[in-house]
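Asks: just the structure for this:
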Amino acid sequence: MRLPDPSLEPAIRDPRKLRNTAFVLVGVMLLGGWLVLKAYEKWSKSQAVDDRPAIIYRITKERDLRMLRQDGKTVDIADLRGKVIAINVFSAKDPEIAQHSMEVMKRLSVSRAGQADFQLISLMIDPMPAEQLLAFLSETATARGMVLPQWWLGSNEPKTLHKFIKNELKTTTYPNDKSGKWDYDPTIILIDKNGHIRRAVVPQQVGGPPFIATFDFAQAAAWDAKGTKTGTPRSNVEEMETLLNHTIDKLLSEPFKKE
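Replies: Prediction:
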């Protein structure tokens, strides 16, 4: 008869040692979880106060817009690499939608007149015969105070221009004629020195992820008309314009990376 190997005999379990081991393991797990939680809270707080403008999209030179400018020159938006650009869209036939963004663009042209690395562009969506376009752009630019070299007024044939506005500028609306009246997105769009579309980042006071804001001054004016308060002495339009200028200053401080 073969006797069992003593080394294979089951060990005698000590309940006290098992209990102590379990307590140690639970303590390690709790401590590890607490450290992970604190690390996450620290990261969340750092993200909550990070107001660097969000990168939405990059307009490449291959998908850029070529336009006829008010002085008769054909130019590309990519010609302005190295500058921060504020762009808005408007209709000369139906300018009401863009009234508020145009007022802001005008104020920007005055307040930032001495900044060589800041540029304004307005894109006119109205279709018209090619032989009439230059004269119309020139007259409109003069009437609205769009003075070169700071402020470009440009256009292109409708299909090319409208597709660029929706697909590349990432607007909410493809410019379209509804019952004889133009519908379009008048939001001011910011493009950084390297061709990226950027939007404002607004940290939340009560925690949570920051809010990514567009510069829709028509919407801000509608809030003011309804009596919506901002929690500050400023109106919604004034608050948004302050945020716009803060974002522009952030972008102007960023470096230009040559391709």
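Asks: show me the shaky parts of this structure.
Replies: 1-50, 205-207 (pLDDT under 70).
Asks: so what sits opposite the residue most central in space within it in the bridge?
Replies: The centre of the chain sits closest to residue 199, judged by Cα atoms, centre = their mean, with a distance of 1.6 Å. Beta bridges link residue 199 to residue 54, judged by DSSP bridges.
Asks: show me where the stretch 1-150 of the chain has helices.
Replies: Secondary structure of the stretch 1-150 of the chain by DSSP state H, counting those that start in this stretch: the helices cover 15-48, 99-111, 130-144.
Asks: how long is stretch 200-219 end to end?
Replies: Terminal residues of stretch 200-219 lie 16 Å apart, using Cα to Cα, to the nearest Å.
Asks: what are the buried residues along it?
Replies: Using 16 or more other Cβ atoms under 10 Å as the test for burial, stretch 200-219 gives 200-201, 210, 213-219. For every residue, glycine as well, the C-beta is placed using N, CA and C.
Asks: nearest to residue 60, of those?
Replies: Nearest to residue 60 among the buried residues of stretch 200-219: residue 214, at 21.8 Å, using Cβ to Cβ.
Asks: let me see the contact set for that closest one.
Replies: 187, 199-200 (Cβ atoms under 8 Å, 6 or more residues apart in numbering).
Asks: output stretch 144-152 as CSV, nothing but the C-alphas.
Replies: In CSV, the C-alpha atoms belonging to stretch 144-152 read as follows (Å, rounded to 0.1, in the frame of the first residue of the first chain):
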residue,chain,number,x,y,z
ARG,A,144,-20.7,98.9,-45.5
GLY,A,145,-17.2,100.1,-44.6
MET,A,146,-15.5,96.9,-45.6
VAL,A,147,-12.0,98.4,-46.2
LEU,A,148,-9.1,96.4,-47.6
PRO,A,149,-6.7,95.0,-46.6
GLN,A,150,-8.4,94.3,-43.2
TRP,A,151,-11.8,93.3,-44.4
TRP,A,152,-12.5,91.1,-47.5
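Asks: and it, what's buried?
Replies: By neighbour count with 16+ other Cβ under 10 Å, stretch 144-152 contains the buried residues 144, 146, 150-152.
Asks: again, but for stretch 249-258
Replies: 250-251.
Asks: kindly report the same for stretch 82-92.
Replies: Across stretch 82-92, burial judged by 16+ other Cβ under 10 Å covers 83-92.
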